[in-house]
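Asks: here is the input, now give the coordinates:
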Amino acid sequence: DDLTDSSDNRHQQEGRRRPYHRKHTPDDNHHQQHQHQPQHPSPTPYAYKGQGGGRVPDSKADVSWKTMIMMEGDKDRTGSFRNPPPTSPGGAADPPASSARGLGTDAATSAAATSLVTRVYDRWFSAEAIEAPAHKAKTGRWRRVIPAFAIHLCIGSPWAWSAFAWQLQMEHGFVASAADDWTVGQTALPMSLVFAFQGIGASLAGKWQMKVGPRASMVVGGFCFGSGLMVGSLGISAHSIELLCLGYGVLAGVGMGLSYTPPMQNLMKWFPERPGMASGMTIAGFGSGGLVFAPIATALAQHFAKFPTFVGPKEAVETVLQNGRVLAEVQGSLQEVILATPHDLARLPYAMDEGYYVVGSGSTGLAPALMYLGMLYLGVQTAAAMATQTPPKGFGVQSGGLLPTKPEASVSVDAAVRTPQFYALGVIFFSLACGGVGLFSAAKPMMMDTFSAKLPGLVTASFASSYVLMLSAGNLAGRLGWAAFFDKFGPRATFNLFTFASIPMYLSIPFLVEEVVANKSPAALFGFTFATVGAITCMGGTYALIPAYESKLFGPKFVGAIHGKMLLASTISALVGPTIVFGLRSRSEQKAIGELLEQADPNKFQQVFGTPISDVDALREAKVLTIDRLMKVVPNDVIDPTPFLYDTTMYTMGGLMGAAALAHMLIKPVDKKLFKHD
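Replies: Numbers count the residues shown, from 1 in each chain. Next up is the predicted model:
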């Protein structure tokens, strides 16, 4: 009678809720009349075998996986079943627990694991679990801004990558780039990849996000982003550009994509009457991420930094050039050294002596800084995701009160991506984002290269870091300020202003640089800053308002998935923008070096570089053949070409803004036949 004892009483005594319930059937009456019999009619296709309550499906029965999962959870702490259903009359005798008919250990473990995942999802991530109570929706929607903003604040940190990455070019040399250090193009690659995989991740995961809900998507995104930064830290420690790109570029980029759209789309549901404001408030966090990342990363890096070994001043150290490396005798052996010039030291936030330092004997502290930031962002994103709630069904706002809203007609995702309006928006998004990402990727080195020699008392390393923060502030201001303009004047006027105003901003930059070089004018420097920050505000406004523009064109229902597809334009811009900036800069630099070599005095060259001019190729490989040092071996009337290295880049960006303006003029309303109600 072990199968027929009162399991209900035992559940009440143990304070447990019965996890398994079955419908009452006519066979139950027969079961109640024959409780003393050892075997009974079974309303289920299960037979119970063995003393341990091992449960196996009848080989002739069709048992669903859901039934197996529910019954797998009906065990007590000893592993026996608390409420096994009765077996059918004439059932087979109980075989040993090791019977081949028993449910295998692997299958049971898999079923239990699946049951656990299902319970966790239902408890914390299902649509019912994350829906806010209706009685709190009327007054509590403003606090929904906090978790959305916090998540975007974390994933917006790559905007300040240039403030972090410029020292990566000197990870071995510390004071300047050594032979094995990464180039400026290599250090910009992680930023390109992180924004590229943001778009790829959002595009591929759009429908999955709609299925699992915003909270689950943001938790997974937070894990990917935080762990990506930690993997990138390991790449810096191992001096592996591949591992750095895999972690900070690919894994963190996927995390950005998973975390980008859900907070914004969810907040737009809380503010259906002001979608531009809701989108702007969310993505304002994305734009201000650099404001938080840059000072924290700099402080952590300086805390963990280790100064390299000082060999001596230039005049006291004898060096040789061997296999593209500058070597000097240090403690009885030849070691690679690097020369710190006054120009190099002016770029550093440390007080150091001019002269030679041992390569690889110091550390920039960037690796542990990135590790701690990864752990911080992982915790913040997880907490913010768990605090996210969706509005109750039928939530709407009109004249300050809650009213049911009628579902609006919308264009499906598949139909939207086949419209010309979608691709015209893509061209606008690509062009404006390409210019902004390009400026961000080169912000700090561009400021130092262009103005530090002409305005040394003003443009210092600290000023260049502040310039990065000014760009981040412009990004934030654009995402907030343009949202209010959008809600008042509409999408067409807003994006006309973005595209047409960006053209003169980019085209004016070369003329402002020339004014600084010719007259050493601080006013022209501030004009340069105003123009670049203004261009960044237009890019920030584009990122913030493209989803609201999509909602106006295609309807609100599928805007999250549609925007995920649209982020592919951001993906392409993240790869193309920095490539344009650093590719054109490198071409201009090599051209300038060639022209300076044609005018170089061989005797002065020998004195400055310690080797004849015929060793130019070896000096290039050692990364010591720079414009700054070549200016010391050419006639005094030769103009330093460094400030003009970015001119071709700015002209190219101006052309892209013109293409964006043309594309926006072609946007018309979407065909009404494509709109459908639920």
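Asks: make sure Glu408 is indeed in a strand.
Replies: No. Glu408 is assigned coil when assessed by DSSP: H, G, I helix; E, B strand; the rest coil, not a strand.
Asks: that one touches Phe554, doesn't it?
Replies: No. Between Glu408 and Phe554 there is no contact, the gap being 10.6 Å when judged by CB atoms under 8 Å. Backbone N, C-alpha and C define where each C-beta goes, glycine included.
Asks: and these two? Which one has more around it.
Replies: Phe554 (27 against 13; other CB atoms under 10 Å).
Asks: excluding chain neighbours, what is closest to the more buried one?
Replies: Val411 (4.1 Å; CB to CB, 6 or more residues apart in numbering).
Asks: ditto for Pro556
Replies: Glu408 (5.9 Å).
Asks: okay, that neighbour: pLDDT?
Replies: Glu408 is assigned 72 on the pLDDT scale.
Asks: from Ala278, how far off is it?
Replies: Going from Glu408 to Ala278 by CB to CB, to the nearest Å gives 16 Å.
Asks: what's the answer for His343, then?
Replies: According to CB to CB, His343 and Ala278 sit 48 Å apart.
Asks: rewinding a little: how many other residues sit next to the residue nearest to Phe554?
Replies: Residues near Val411, counting by other CB under 10 Å: 27.
Asks: partners of it in the sheet?
Replies: Phe675 (DSSP bridges).
Asks: which ones are touching it?
Replies: 419, 553-555, 558, 670, 674-676 (CB atoms under 8 Å, 6 or more residues apart in numbering).
Asks: in the stretch 51-200 of the chain, which spans are helices?
Replies: For the stretch 51-200 of the chain, the helices defined by DSSP state H, counting those that start in this stretch occupy 65-72, 105-124, 127-130, 134-137, 145-155, 161-165, 184-204.
Asks: my bad, should have said the stretch 301-450 of the chain
Replies: Using DSSP H, counting those that start in this stretch, the helices found in the stretch 301-450 of the chain span residues 342-346, 366-386, 413-416, 420-441, 443-451.
Asks: which one, of the ones you listed, ends up nearest to Gly257?
Replies: Nearest of the helices of the stretch 301-450 of the chain to Gly257, taken as CB to CB: helix 366-386 at 13.4 Å.
Asks: and the closest one, what's buried?
Replies: 366-374, 376-378, 380-382, 384-386 (16 or more other CB atoms under 10 Å).
Asks: what angle sits between it and helix 105-124?
Replies: Per axes from the mean of the first three to the mean of the last three CA atoms, to 10 degrees, the angle that helix 366-386 makes with helix 105-124 is 70 degrees.
Asks: where does pLDDT dip in the stretch 401-550 of the chain?
Replies: 401-407 (pLDDT under 70).
Asks: what segments of it are strands?
Replies: Applying DSSP state E, counting those that start in this stretch to the stretch 401-550 of the chain gives strands spanning 401-402, 410-411.
Asks: so how far is the last one off the chain centroid?
Replies: What that stands for is strand 410-411. Centroid displacement of strand 410-411 relative to its chain, using CA atoms, centre = their mean, to the nearest Å, is 29 Å.
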